[in-house]
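J.: need a structure here:
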Amino acid sequence: MKIYNTLTRRKEDFKPLVPGKVGIYVCGPTVYDFIHIGNARPMIVFDTLRRYFEHKGYDVNYVTNFTDVDDKIINRSIKEGIPASEVSEKYIVECKKDMEALNVRPATVHPQATKEIPEMIEMVQTLIDNGHAYEKNGTVYFRVRSFEPYGKLSHKNIDDLESGHRAESHQLKVSGEDEKEDSLDFVLWKPKKEGEPFWESPWGEGRPGWHLECSCMSKKYIGDTLDIHAGGEDLIFPHHENEIAQSEAASGKEFSRYWMHNAFLRINGDKMSKSLGNFFTVRDICASYDPQIVRFFMLSAQYRTPLNFSKELIEDSAKGLERILNGAEKLKGIVDKANGKAVSEAEQSILDNDIPKFVERFDEAMDDDLNTADAISVIFELVRFTNANTDENSSSDYAKGLYDVLFELSDKVLGIHIERASEDMDASEIERIEALIAERSAAKKEKNFAKADEIRNQLLSEGIILEDTREGVKWKKA
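T.: Now for the predicted structure:
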């Protein structure tokens, strides 16, 4: 498998530290609110990476954290008048619900920053002892210039960084608010403020810096050196750059061999922002679209490609997913009939010779830096092939062989369920849907095709698929 390594800016053959085992650390969300749709992309992408390694036979230690102490959490706790711990615990529960809806599997370990404070204090003390950190009035800073390779991940020049910080640093020093030796130095430990959570430390009561948290949690649950560290591209600098500096300065070992970063998700071509009114939580989106459609959409582009979230594109994904579901449903129908026919020579030839080629091409796409877009294209081709090479006379064992391959690639690797959710609708919901269908039919008769399309798209966004037949309009839930 080849992985694009942000550190070297090129695709490299993946070679694990320990043959057959992979240690992956992914930066998780800060839990002060419901996770937003941008958070969902790395969750889905790197869950798929983990699944693919398992498909290839690797034993995967997959660690992704919850940042449960942070300024945003503290501000939320003050606003709601409850302890910060209640805020974080509440939204960890809600985050896990959203992850389950998106079929993101629980990590091997989900560490929480507040439960790993002793390890953080130990690392800070190590950095002070070896000259890479210093304390000033209860704040501990990391000496950036003491770590010569600083900037190697973000490919930033330290002198350019210095010039960018100069004006800001001057203002802080004039006001007496900054006691750093150098404007580039960053915080490892900060003293408590009134009303904030805090822990005892050799430097007084306080709490860890954000960058420190991930370094300590990844070290504890994977080791000094990770196979892969992943996250959104917005974390490259300063978060991941600072993680490298403090981790390698403390251990003297390479922190991570490969770095993977997904590109941004944009909303209708714009950066997601509350001020623009285009900020959506996963909960918001999943109220309008089936979570499986959202997952399918997220994997429809290679992870390093910027992805644009729009109504039109998500509805295209719904249609694409429906093609796969229909193909799986046809195969399942043949399997369930259990006609008792023996697999014919022609069928066996397809299972032995044709189908493995689809699996090989799927793996080739995934081996090329997790190219899920090309992998999905192979699945579409596989569905077309199975549709063309099965009918009511096919043997059930043959159909099962085809179904099992489709299930392995779509469901187990990409995490996209290929069986429709079996959920009962109440009478009022069925009545509402059929009223909309009748309204659409009336619009078509009046040649108001824009209105008819609007109703179809509304129902599609709810996971309701319409099919115009000679007998009238048929509908089903995706």
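J.: tell me the phi and psi of the residue located most distally from the centre of the chain?
T.: Largest separation from the mean C-alpha position in the chain: Glu446, at 45.1 Å (CA atoms, centre = their mean). Main-chain torsions, Glu446, degrees, to the nearest 10: phi -80, psi 10.
J.: Flag the shaky bits of the stretch 351-478 of the chain, pLDDT-wise.
T.: For the stretch 351-478 of the chain, applying pLDDT under 70 flags the ranges 421-425, 469-471, 478.
J.: Strands along that one, start to end?
T.: 464-469, 472-477 (DSSP state E, counting those that start in this stretch).
J.: Switch those strands over to JSON lines; also include distance to Val22 and mean neighbour count.
T.: All C-beta atoms are positioned from the backbone trio N, CA, C, and that covers glycine. Below are these laid out as JSON lines (distance: least, CB to CB, whole Å; neighbours: other CB atoms under 10 Å):
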{"stretch": "strand 464-469", "distance to Val22": "38", "mean neighbour count": "14"}
{"stretch": "strand 472-477", "distance to Val22": "38", "mean neighbour count": "13"}
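J.: Arg384 is nearest to which of those?
T.: Of all those, it is strand 464-469 that lies closest to Arg384, at 18.4 Å by CB to CB.
J.: how far out from the middle of the chain is the closest one?
T.: When C-alpha coordinates are averaged (CA atoms, centre = their mean, to the nearest Å), strand 464-469 and its chain have centres 32 Å apart.
J.: Parallel or antiparallel, which strands does that strand pair with?
T.: Pairing partners of strand 464-469, with direction, according to DSSP bridges: strand 472-477 (antiparallel).
J.: Could you measure from Ile350 over to Asn130?
T.: From Ile350 over to Asn130 the distance is 63 Å, taken as CB to CB, to the nearest Å.
J.: between these two, which one's more packed in?
T.: Relative neighbour count places Ile350 above the other of Ile350 and Asn130, with 19 against 12, counting by other CB atoms under 10 Å.
J.: Phe53 versus the more buried one, what's the distance?
T.: In this structure, Ile350 lies at 29 Å from Phe53, with CB to CB as the measure.
J.: that's a helix at Leu153, yeah?
T.: No. Remark: Leu153 does not belong to a helix; assigned using DSSP: H, G, I helix; E, B strand; the rest coil, it is coil.
J.: Let me see the confidence value for it.
T.: Turning to Leu153, the model gives it a pLDDT of 98.
J.: same deal with the one 3 residues further on?
T.: In the predicted model, Lys156 carries a pLDDT score of 93.
J.: Could you pull up the residues touching it?
T.: With contacts defined as CB atoms under 8 Å, 6 or more residues apart in numbering, the neighbours of Lys156 are 237, 241.
J.: quick one: it from His240, how far?
T.: Relative to His240, Lys156 is positioned 12 Å away (CB to CB).
J.: next one: Leu127
T.: As for Leu127, its distance to His240 is 18 Å (criterion: CB to CB).
J.: repeat for Tyr52
T.: Here Tyr52 is placed at a distance of 22 Å from His240 (CB to CB).
J.: The two: which is more packed in?
T.: A direct count of neighbours by other CB under 10 Å for Tyr52 and His240 places His240 higher, at 26 against 22.
J.: who touches the residue lying closest to the more buried one once chain neighbours are set aside in this structure?
T.: Using CB to CB, 6 or more residues apart in numbering and skipping residues adjacent in sequence, the residue nearest His240 is Leu153, 5.7 Å away. For Leu153, the set of contacting residues under the criterion of CB under 8 Å, 6+ apart consists of 6-7, 236-237, 240-241, 244, 259.
J.: next one: Asp374
T.: 302, 365, 368 are the contacts of Asp374 under CB under 8 Å, 6+ apart.
J.: quick one, what contacts the nearest residue to Arg105 once chain neighbours are set aside?
T.: The spatial neighbour of Arg105 that comes closest, neighbours along the chain excluded (CB to CB, 6+ apart), is Asp47 at 5.9 Å. By CB under 8 Å, 6+ apart, the residues touching Asp47 are 103-105, 415.
J.: same deal with Asn268?
T.: If a contact means CB under 8 Å, 6+ apart, then Asn268 has 278, 308-310 as its contacts.
J.: try 6 Å
T.: Residues near Asn268 by CB atoms under 6 Å, 6 or more residues apart in numbering: Ser310.
J.: So it versus Ile324, what's the distance?
T.: If you measure Asn268 against Ile324 using CB to CB, the figure is 26 Å.
J.: and if you look at Ser441?
T.: The spacing between Ser441 and Ile324, counted by CB to CB, is 28 Å.
J.: Looking at the two, which one has more neighbours?
T.: Per other CB under 10 Å, whichever of Ser441 and Ile324 has more neighbours is Ile324, with 21 against 15.
J.: Run the chain-centre distance for the strand or helix carrying that one.
T.: Secondary structure assigned from DSSP states H and E places Ile324 in helix 311-337. Relative to its chain's centre, helix 311-337 lies at 23 Å (CA atoms, centre = their mean).
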